[in-house]
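# any chance you could fold what I've pasted below:
(one chain, ligands or ions: 1)
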Amino acid sequence: MNCRIFYHDKCFDGACSASLFTRFHRECIRTADTFSYHGLVHRAGTLFDERDFVDGENAIVDFKYSASPQVTWWFDHHQSAFLTPEDQKDFEAGQADGSQRMRKFFNPNYVSCTSLIADTGRIDFGFDTAPLNELIKWADIVDGARYKSAKAAVEMAEPAMKLTMAIESSADNNLVPRLIPLLTEMSLQHVLDQGFVQELLGPLMDRHWAALELIKQRATVDHGVITFDITDQPTEGYNKFIPYYLHPEATYNVGLSKSSFRVKVSVGTNPWTKLPASKLANLAVICERYGGGGHARVGAISFSPDREDDARKAVGEIVAELRRA
Ligand SMILES: [Mn+2]
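Model (predicted):
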């Protein structure tokens, strides 16, 4: 039987979730002969193409719910996990009647989807997660932005940080499907040492320092809110801690960037802010108002490339709202 795993693309936790799920399925479910991988990204419009689902098992990890009857597994920890109220009703019905209770798992209290899969696998299926402890630990650090400092996050000494950069910003769509099976078997350092990964890193580090320079020139900060617009310099991604590295005193960041398929509004909270959680705005709620989503401390909104003006208007409104907060 085929098992296809749909994962949050360009995301370290998405790749680790797909990797952990592969090993979980191989060791505890044992019905699949082949595994294949399909990355999903948030975009304006439809998220799933039904034609991508295979006969056999289709698993979605670290990404929004799909009510398609072909989806047989789902794990997510995003606060904005349901695109529509109908999707949420479909999930709740499967939990209430028990039919999907051991197949579909949602818990927004988890820092990473990787650790949600690990705990579920261990507790409900007897999955031995000990060989993957390094992966699970780093998925929590990266997805929860639990770095020691903005300096550690931007200077990227740890192998997990460099892999995160490669996953988030490489233009090579085959990279993550190639990394996922390696992450089930090897240490992060060993994965990083692979020739095809090393080849990517040099140019990506150069781009990283160039992005730092660009954001330094563009970023302004007022009433604790950093904002910048780099839509004239299209990028497939940048290190999201750069704004706080440049302006450690700020509380929020609202960035506008452009890639091949979307204009993206990125909204974040400084992970090293001294403000108590009770004083911070819920960014998932703000982003949902514009059709985006995410977590309480970090969210995003995707606009189609021809709606740059709407994206810029959203930035203006969100910046004003956060400055008042
Ligand atoms: Mn995640």
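
# who does residue 61 bridge with?
Counting by DSSP bridges, residue 61 forms beta bridges with residue 7, residue 75.

# what is the neighbour count of it?
For residue 61, the neighbour count with other C-beta atoms under 10 Å is 29. Any C-beta I mention is one placed from the backbone N, CA and C, and that applies to glycine too.

# cool, and the one 4 residues further on?
Residue 65 has 22 neighbours, counted by other C-beta under 10 Å.

# quick check: closest non-adjacent residue to it.
Closest residue to residue 65 apart from its sequence neighbours, by C-beta to C-beta, 6 or more residues apart in numbering: residue 87 at 4.8 Å.

# state the distance from that neighbour to residue 75.
Here the criterion is C-beta to C-beta, to the nearest Å. By it, residue 87 lies 15 Å from residue 75.

# same drill for these two, tell me which one is more crowded.
Neighbour totals were compared for residue 87 and residue 75, and residue 75 leads with 26 against 15 (other C-beta under 10 Å).

# circling back to that earlier point, which element follows the helix or strand harbouring the residue nearest to residue 65 toward the C-terminus?
According to DSSP states H and E, residue 87 maps onto helix 85-96. Moving toward the C-terminus from helix 85-96, the next helix or strand (DSSP H and E) is strand 104-106.

# is that following strand up against the ion anywhere?
No. With C-beta under 5 Å from the ion as the measure, strand 104-106 is seen stopping short of the ion, the closest distance being 12.4 Å.

# which SSE is immediately downstream of that strand?
Where DSSP H and E defines the elements, the next helix or strand beyond strand 104-106 is helix 113-125.

# mean confidence (pLDDT) on that next one, please.
The predicted model assigns helix 113-125 a mean pLDDT of 98.

# need the contact partners of it.
Defining contact as C-beta atoms under 8 Å, 6 or more residues apart in numbering, one finds that helix 113-125 is touched by 8, 13-14, 16-17, 20-21, 24, 28-29, 61-62, 75-77, 102, 105, 107, 110, 127-129, 132, 135-136, 139-140, 143.

# what residue in the stretch 151-300 of the chain comes nearest to the ion?
As assessed by C-beta to the ion, the ion sits closest to residue 295 within the stretch 151-300 of the chain, at 8.4 Å.

# do the chain as well
Across the chain, the shortest distance to the ion (C-beta to the ion) belongs to residue 13, at 3.5 Å.

# so which helix or strand takes in that residue?
Using DSSP H and E, residue 13 falls in helix 12-24.

# now the angle between helix 113-125 and that helix, please.
When axes from the mean of the first three to the mean of the last three C-alpha atoms, to 10 degrees is applied, the directions of helix 12-24 and helix 113-125 differ by 20 degrees.

# same for the helix or strand just after helix 12-24, what does it pack against?
Elements were assigned by DSSP H and E; along the chain past helix 12-24, the next helix or strand is strand 34-40. When contacts are defined as 3 or more C-beta pairs under 8 Å, 6 or more residues apart in numbering; DSSP states H and E, strand 34-40 packs onto strand 2-8, helix 12-24, helix 175-183.

# the residue lying closest to residue 298 once chain neighbours are set aside: what secondary structure?
Distance criterion C-beta to C-beta, 6+ apart; nearest residue to residue 298, sequence neighbours excluded, is residue 268 at 4.6 Å. Residue 268 carries the three-state label strand when classified by DSSP: H, G, I helix; E, B strand; the rest coil.
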